[in-house]
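Asker: give me coordinates for this.
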Amino acid sequence: LREPDVVLRSNRFGSWVDCLAAKYSAMAEDGATGSRGREAAALVSLAEGHLAREESVEAKRRAEEAQLLFEQARDEVGVADAKRIIMHVLCCSGKEADAANMAREALEAYRESDDKLGEAKMLLSTAEAGLATGDAAGRGLLLAGEALKLFRAEGDRKMVAASELLIASLHLSKKGEAKKKSDEAKQACDEAATIFRDLGETRAEAYALHVAACGRALGGSTEAALRAAKEALALFQKLELRKQEAFELHSIAAWNLVEGDIEEAVSAAEESLDIFEDDFHATDAEACVMQTLVQAYIEESEPGDALDLAKTKRDRFQEAGNIRGVAAAEEMAMISYLSLGNFERAMLFARRATETLEGAGDRRAQARVLRTICAMHKSRKESEKALKAAQEALTIFEDLEDMKEQAITLQSRADVYMDKQEHGRALALASEARELYQDAQEVEGEVSALLQLSAAQLADGDRKKAAASAKEAQDKSNEVQDTQGEASALRTLVNVHMAEKEWDGALKALGSLLVLVKELGEREDEVSTLVLTCHILLRQFVEKDEEGKSSEKLHKSTADKTTKIAKDALSIARKLDSPVLLGSALFTVAQTQIMNGKIPEATKAAEEALDLFQKSGFAQGEASALVLMADISCYSQQYGRARELAEEGVYLFQQIGDVDGEDQGWSQLERIEKVEAEERERQLQQQQAMQMAQAQQWQAQQGQDFVPLPQQTYEEAAPSMAAGTYEAKLVKMDIAGGLDPQMLKNQIMEVTKGLIGYDEEIEFDAPLMESGLTSNTAVLLRDSLTQQLPGVNLPVTLVFDYPSI
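Answerer: This is a model prediction of the structure:
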């Protein structure tokens, strides 16, 4: 799922969970409370209702009125609660700095008066402001933890639950390993949800379920996240809180999109958008849903629907004066046009988005879009334009002193230089990006820079440094328990080892990678890892075989091992919705079945793989499958078909510019020619052996030894054994001083004429088999010449190898 460049605030005012309505509704009806107190209490109840309905302006106004009345009534608890509502609205409206200042001032006053509950509430509001600014790893968790202790000491269970829920959100937004953050958030959410359920605070319980769902999604348990989100959705629907229902539907849509359930994603997003469209205000929350739905339409192969939606929303946001929403719609139009293959229109809307964002004063989003423009130019090999766009983005990020975004942009420039084969420039930029990530304490970013550095070093031919950089990336990921980063590092290590043909090192890295992807529950990566493991094992065996180091035992162990791995990969792939991945698994199964000598099974798997690759439009896979099927046909001695398949594979590889694949195709064609030639030679030898046996049988039937001429010394002419009347004039030749070519020709002619009983001259370049020599007499010719040329070893196939004199 593409992360949009225009990042919008969801502005979920309904994330408020202090649960004040019951308390202040009772207070408003309590005759013992003064008139100002009762009026203020009623206003707090109204304000909380406005928050649940996402009516922020009304909520803030009611809370401010309540604060004033509570101050007049000298009700410090009421004042603190009213301030909490005001600060919550400020945090959700992008004014977290104002909220933080307000909380700090109030915190000092409550501490001076030793008001522990007031102090705890202001600590919690300060932490919430920190969450809004992204300061979760710093003071946010510390402040929320202090507030939690105070609420526990005061026995305020509702605020204990509210604190736990904020702590969970802080854990989810901090830096670090996803699984660990997910587990920490879960612990806090579980307590909060239990308390809210016990107290009958259904809306707060529903929001706690939402945060729990976010934690599960972050930890990779998307199915569990969807279950929790649907529970929350049911509660919001029961309470008839339409806006909260829309927020939850959007989350469900996004997680379904990640999970690959496009139909469910589209359905949930459309339902969410319908609810938001009922509001006169075209909010950022509505724009967020639009971003998700556009991408869902594209994944559904409906880019036209995506474009229509983006253009419609652009008009709506313009009418509502939501400039950032306009920019978001323009970005979505850009990716829709890209999906339609219209680069020029896509670039037009990308440029419009940068202008809109500049007008809105959102320079950070503007620079991100410029970075996307860089990637667009790079995809068309327009290097100079790509570098220019990246430099514009870099200048903005430098002005904003955003080190992380600077580093990302430097990596974009490095990618362009890698495409230009300017590896030295790419190395320098990747190194600079790494330093910026280090300064920003962004370990995940540093890992990505190290991996890019490794790729550049590998391309530059320095495989030793490439391996060292990848290993360092792996170690750093391991230190911070970043499993995803470690997996990426291991993939890079595999590539380095493969480039060096260090098969054992590659297999070791793949073994570690397999453990990680299983732990992450990434089934598609698990299949890819198993498939690659098979391929390397097979390549390792082929290399040993070519070196003469193979054996029957090694062949069997390799076949058994790869067969099991390939079948495991296929079993998983059949449960996934990825035709290309399934095709890859079938391709691997076919390879292992060839090694097992099971040609029908290999053919079936290869044909199924080819069909999947063709239907998916995966040309590289299709070409590889064709070459593999050529190999199978060669084993079946269908040399004509094998040649056709291999030639078709070579052609496809040429079309997509895959040089390595093309080389494999040509190698397969050479192998087919070689095997076919060897088979022809084998058949010829069998035929000749059969003919010789027939000649021996014929002579036995004639009562003669299998000797064409008498065994005495040929000082005089010997009579011909042919059925004709011509008698050959033969002499035993002295070859001590070398052979006279003319004499040898004459001698061969004499023997031949004697064998066929033919007294006319035979042309030296005329095929002997056409001059009357038969398969049987051809063998006799060879034996006769052997006796006349002592010490010269002539093959049985002499006449077939050399058909004329």
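Asker: where does the stretch 201-350 of the chain dip in pLDDT?
Answerer: Across the stretch 201-350 of the chain, not a single residue meets the criterion (pLDDT under 70).
Asker: which residue ranges of it form helices?
Answerer: Counting by DSSP state H, counting those that start in this stretch, the stretch 201-350 of the chain has these helices, from start to end: 202-218, 222-238, 242-259, 262-277, 284-299, 303-320, 323-339, 343-360.
Asker: ok, the residue minimising distance to the centre of the chain to S488 distance?
Answerer: By Cα atoms, centre = their mean, the mean C-alpha position of the chain lies nearest to D525, the distance being 7.5 Å. The spacing between D525 and S488, counted by Cβ to Cβ, to the nearest Å, is 11 Å. Placement of C-beta: from N, CA and C, glycine included.
Asker: swap in A234?
Answerer: Taking Cβ to Cβ as the measure, A234 and S488 are separated by 38 Å.
Asker: what do you get for R434?
Answerer: When distance is defined by Cβ to Cβ, R434 is 15 Å away from S488.
Asker: then D658?
Answerer: As defined by Cβ to Cβ, D658 lies at a distance of 24 Å from S488.
Asker: do V515 as well
Answerer: 15 Å.
Asker: between those two, tell me which one has more neighbours.
Answerer: Taking other Cβ atoms under 10 Å, V515 and S488 do not tie; S488 has more neighbours (22 against 13).
Asker: any weak-confidence spans in the stretch 551-700 of the chain?
Answerer: Using pLDDT under 70 as the threshold, the predicted model of the stretch 551-700 of the chain has low-confidence ranges 691-700.
Asker: which stretches of it form helices?
Answerer: Along the stretch 551-700 of the chain, the segments classed as helices by DSSP H, counting those that start in this stretch run 552-573, 579-595, 599-616, 619-635, 639-656, 659-702.
Asker: of those helices, which is nearest A144?
Answerer: Each of those has some distance to A144 by Cβ to Cβ; the shortest is helix 552-573, at 41.7 Å.
Asker: give me the residues contacting stretch 150-163.
Answerer: Counting contacts by Cβ atoms under 8 Å, 6 or more residues apart in numbering, the residues outside stretch 150-163 that touch it are 17-19, 116-117, 119-121, 123-124, 144, 147-148, 191-192, 195-196, 199, 201, 204, 208.
Asker: off-centre distance for that stretch?
Answerer: The chain centre lies 45 Å from the centre of stretch 150-163; the measure is Cα atoms, centre = their mean, to the nearest Å.
Asker: what about D30, which SS state?
Answerer: coil (DSSP: H, G, I helix; E, B strand; the rest coil).
Asker: please look at it and R38 and confirm they touch.
Answerer: Yes: D30 is in contact with R38 according to Cβ atoms under 8 Å; the separation is 7.0 Å.
Asker: what about these two, which has more around it?
Answerer: Here D30 and R38 are set side by side on neighbour count (other Cβ under 10 Å), and the busier one is R38, at 19 against 12.
Asker: in which helix or strand does the more buried one reside?
Answerer: R38 belongs to helix 35-52 when assigned by DSSP states H and E.
Asker: tilt between that helix and helix 242-259?
Answerer: Calculated by axes from the mean of the first three to the mean of the last three Cα atoms, to 10 degrees, helix 35-52 forms an angle of 30 degrees with helix 242-259.
Asker: the helix or strand following helix 35-52 packs against which elements?
Answerer: Using DSSP H and E, the next helix or strand after helix 35-52 towards the C-terminus is helix 56-72. Using 3 or more Cβ pairs under 8 Å, 6 or more residues apart in numbering; DSSP states H and E as the contact criterion, the elements in contact with helix 56-72 are helix 35-52, helix 76-92.
Asker: which one of the ones you listed lies closest to A470?
Answerer: Minimum separation from A470 across those (Cβ to Cβ) falls at helix 76-92, 41.6 Å.
Asker: from the middle of its chain, how far away would the closest one be?
Answerer: Here helix 76-92 is found 46 Å from its chain centre; the criterion is Cα atoms, centre = their mean.
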